[in-house]
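Enquirer: Next one to model:
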Amino acid sequence: MNANTLDKMRKLKFFGMFRAFKASMETDQLNNYTADEMIAHLIESEWDDRQNRNVERRLHNARFRYKASVEEMYYHADRNLDRNQIRRLAECTFITRQENLLITGSTGIGKSYIASALGHQACMMGYRVLYTNTAKLFAKLKMAKADGSYIKEITRIERQQLLILDDFGIQPFDHQSRASLMEIIEDRHGKMSMIITSQLPVNKWYEVIGEKTIADAILDRIIHDAHRLELKGESLRKKKQPIQEN
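Expert: As a prediction, this is how the structure comes out:
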């Protein structure tokens, strides 16, 4: 009977229950549970298994460049990185409030690591996240317009509760990329959050975006009530901090 039960659990994809029940059989623990305790144990095991698989799926779909964690963040006085601010951001309430986070600083200072760490934290807390290099994203959107998949790509971006645009401003926006950026920002404004990292200070973003009227419209939506991290100091690569990336 137990073998039949295990087979049905597997076919129903109750993998958490399957493993818990099988382990209880193999360790001869079945008689140590009352009926209600066994049910509670199986339900809890299935719940944990599904939660873990959901987290793994969100992490996979986010496509992070780095494996990063808030716990391994590197704090130093000359970085201008406040531990309490990071802890507050790691609670991800800024996502619930549909607020943005802007991270600026020189190359190698750890902007991408911080963005990825907060993105990982958001995935753990159940949010849908997408990490992307800004230049690669808009190159991909150009190709999508050419092959007819643009709406699909924009819709995929729109579904993300947190969008991480890394290395914003590495190259100036042309007309097509500027229009796509405006569309993304307009879709997300007041609805979903963004983390943007850039080597350039925010007041230089107008020049990178170009066309003052559009730049004003975009930055008004990005900057309004945004949290900011303005990192300082030398490149962490020079200091040989392996867990920190630009």
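
Enquirer: Now for the residue most central in space within the chain: which residues touch it?
Expert: Taking C-alpha atoms, centre = their mean, the centroid of the chain lies closest to Gly119, which sits 2.9 Å from it. Taking C-beta atoms under 8 Å, 6 or more residues apart in numbering, we find Gly119 in contact with Ala62, Phe64, Ala68, Val129, Tyr131, Leu162, Ile164, Ile195. Backbone N, C-alpha and C define where each C-beta goes, glycine included.

Enquirer: Verify the stated contact: the fifth one with Gln160.
Expert: No. Under the criterion of C-beta atoms under 8 Å, Tyr131 lies out of contact with Gln160, with a separation of 9.6 Å.

Enquirer: Which positions within the lengthiest helix in the chain qualify as buried?
Expert: As assigned by DSSP state H, the longest helix anywhere in the chain is helix 35-62. Using 16 or more other C-beta atoms under 10 Å as the test for burial, helix 35-62 gives Met38, His41, Leu42, Ser45, Glu46, Asp49, Arg58, Leu59, Ala62.

Enquirer: out of these, who's nearest Ala20?
Expert: Ser45 (3.5 Å; C-beta to C-beta).

Enquirer: In space, what's closest to the closest one - neighbours in sequence excluded?
Expert: Of all residues not flanking Ser45 in the chain, Ala20 sits nearest, at 3.5 Å (C-beta to C-beta, 6 or more residues apart in numbering).

Enquirer: mind checking the SS state of the one you found?
Expert: helix (DSSP: H, G, I helix; E, B strand; the rest coil).

Enquirer: which residues sit in contact with it?
Expert: Residues counted as contacts of Ala20 (C-beta under 8 Å, 6+ apart) are His41, Leu42, Ser45, Glu46.

Enquirer: roughly how far apart are the second one and Phe18?
Expert: When distance is defined by C-beta to C-beta, to the nearest Å, Leu42 is 9 Å away from Phe18.

Enquirer: Give me the residues contacting stretch 59-73.
Expert: Here stretch 59-73 makes contact (C-beta under 8 Å, 6+ apart) with 81, 83, 86-87, 90, 112-114, 116-121, 123, 128-133, 166, 243, 245.

Enquirer: contacting residues for Met38?
Expert: Ser24, Leu30.
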